[in-house]
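Enquirer: How does the following fold in three dimensions:
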Amino acid sequence: ASAPLRMHVLFVRWFGRDVTFNAGWSTKCLHWLGYFKGDDPSCFGFLDPDQVIRGVHLIPAFAHGRTEHYMGRSFVQREEEGD
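Expert: Numbers count the residues shown, from 1 in each chain. Below is the predicted model of the structure:
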């Protein structure tokens, strides 16, 4: 029998680039990112923490509203906790 081995992993939710939005250097617009849909098998994953970029700056687009389209409510969230 071998001794237990400790492994450090990071559970992640992936972003994808919105290819329907015209962005880049030529248009002088930043790319739009969004979550993969919750039922997409590649929407979540595990990583070695050493492979992670430790800093990134994302600008939320609150002006476009909110959606439950990608994940919906969590099954562990209590109703009285609200949105």
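Enquirer: lowest-pLDDT helix or strand in the chain?
Expert: Every helix and strand of the chain was ranked by mean pLDDT, DSSP states H and E. The lowest is strand 33-35, at a mean of 84.
Enquirer: model confidence over the helix or strand following that one, on average?
Expert: Moving toward the C-terminus from strand 33-35, the next helix or strand (DSSP states H and E) is strand 44-47. Per-residue pLDDT over strand 44-47 has a mean of 89.
Enquirer: Just checking: what are the partner strands of strand 44-47?
Expert: Applying DSSP bridges, strand 44-47 is found paired with strand 10-13 (antiparallel).
Enquirer: Which strands or helices does the least confident helix or strand of the chain pack on?
Expert: On a contact count with 3 or more CB pairs under 8 Å, 6 or more residues apart in numbering; DSSP states H and E, strand 33-35 meets strand 15-17. For every residue, glycine as well, the C-beta is placed using N, CA and C.
Enquirer: what residues does the least confident helix or strand of the chain touch?
Expert: Surrounding strand 33-35, the residues in contact under the criterion CB atoms under 8 Å, 6 or more residues apart in numbering are Arg13, Trp14, Phe15, Gly16, Arg17, Asp18, Cys43, Leu58, Tyr70, Met71.
Enquirer: Direction included, what does that strand pair up with?
Expert: strand 15-17 (antiparallel).
Enquirer: Return the set of buried residues in the strand it pairs with.
Expert: For strand 15-17, the neighbour count (16 or more other CB atoms under 10 Å) marks no residue as buried.
Enquirer: how far out from the middle of the chain is the least confident helix or strand of the chain?
Expert: Distance of strand 33-35 from the chain centroid (CA atoms, centre = their mean, to the nearest Å) equals 7 Å.
Enquirer: start at 890 instead
Expert: Will do, 890 is the new start, and the previous item becomes strand 922-924.
Enquirer: just to revisit the earlier point, buried only: go through the contacts of strand 922-924 for me.
Expert: Buried among the contacts of strand 922-924 by 16+ other CB under 10 Å: Cys932.
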